[in-house]
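S.K.: Sequence first, predicted model second:
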Amino acid sequence: MTTTLITGANKGLGFETARRLVAAGHTIYLGSRDAERGRRAAEQLGARMVLLDVTDDASVAAAAKAVEADGGLDVLINNAGVEVRGPDGGVAGAADVTADIMRQVFETNVFGMVRVSHAFLPLLQRSAAPVVVNVSSGLASLARASTPDAPGYAYPGVAYPASKAAVNMITVQYAKAFPNIRINAVEPGYTATDLNAHAGTQTAEEGAEIIVRMAQVTPDGPTGGYFDAAGPLPW
Ligand SMILES: NC(=O)c1ccc[n+]([C@@H]2O[C@H](COP(=O)([O-])OP(=O)(O)OC[C@H]3O[C@@H](n4cnc5c(N)ncnc54)[C@H](OP(=O)(O)O)[C@@H]3O)[C@@H](O)[C@H]2O)c1
């Protein structure tokens, strides 16, 4: 039986990923920073709720302790993420982005991912087939962001793409350091969730596809890569 933790799984892509992996036979720890929202989501799916705020050391340590006491972990899906908008409600471009906006976005998307990974790596290393999926974004691609007409080139935001570019580098460095763990970054695609006020053009089911696939990668599968549903992406 494969045991899988998904951070930020009470809604959106994390919730859909949990639904699909429960159907595939995984035991799912559904991470939620809010107990009530998490409990409701877990109940709906037949998953186990784990209270987990990725920005809080004590919360992450308690979650790791609980999962360890329950028997350990095979798959970690670092999915929790935020986008912080400027004071006018729009994406903060280079003229408007502040250190505070950067800090808020990095606190969850980058420092949160490292906090959770650091806490759960000792558990993953005890698994026979450990896997980490880091939910990145196509906006993380420096190749695309610097190539006119490439997808995402016109996106003016600074903090969110920078945070996901950091996620990609973290993925590459962890993958080299832990060759026994399959560690990949994924781009779900522009998906209708609360993150973008449901402006995304894909359904959560479509967006979760690559997360679910990389969560099920076998020990001979890729590691240190960056993928969307169609295949590898340019860094
Ligand atoms: N939607 C897209 O088009 C798209 C595209 C590329 C990548 N992504 C990435 O996909 C991932 C999931 O996003 P989504 O689109 O599904 O957005 P979403 O519906 O807003 O879900 C985000 C999840 O992260 C949780 N979260 C936020 N801060 C947290 C914290 N400090 N601790 C624990 N959980 C926290 C949220 O919990 P609460 O309910 O408590 O806020 C929620 O469960 C993110 O990493 C996002 O960057 C999304």
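M.R.: Sure, I can see it.
S.K.: For the spatially most central residue of the chain, give me phi and psi.
M.R.: Centroid-nearest residue in the chain: Asn79, 2.2 Å away (criterion: C-alpha atoms, centre = their mean). Phi and psi for Asn79, reported as degrees, to the nearest 10, are phi -110, psi -30.
S.K.: who touches it in this structure?
M.R.: With contact set as C-beta atoms under 8 Å, 6 or more residues apart in numbering, Asn79 has these partners: Ile6, Thr7, Gly8, Ala9, Leu13, Gly14, Thr17, Val133, Val135, Ile211. (Glycine included, C-beta is placed from N, CA and C.)
S.K.: From those, pick out the ones that also neighbour the ligand.
M.R.: Among the contacts of Asn79, the ones lying near the ligand by C-beta under 6 Å from any ligand atom are Thr7, Gly8, Leu13, Gly14, Val135.
S.K.: So the first one sits against Val54, correct?
M.R.: Just to be clear, that refers to Thr7. Yes: shown here, Thr7 and Val54 form a contact pair, counting by C-beta atoms under 8 Å, at 5.6 Å.
S.K.: got any residues that touch both of these two?
M.R.: Joint contacts of Thr7 and Val54 (C-beta under 8 Å, 6+ apart) are Ala80, Gly112, Val116.
S.K.: how about the helices in this protein?
M.R.: Per DSSP state H, the chain carries helices over the ranges 12-23, 35-45, 57-70, 99-106, 113-124, 142-145, 159-177, 204-215.
S.K.: Can you point out the buried residues in the first one?
M.R.: Buried residues in helix 12-23, counting neighbours by 16 or more other C-beta atoms under 10 Å, are found at Gly12, Leu13, Gly14, Phe15, Glu16, Thr17, Ala18, Arg19, Arg20, Leu21, Val22.
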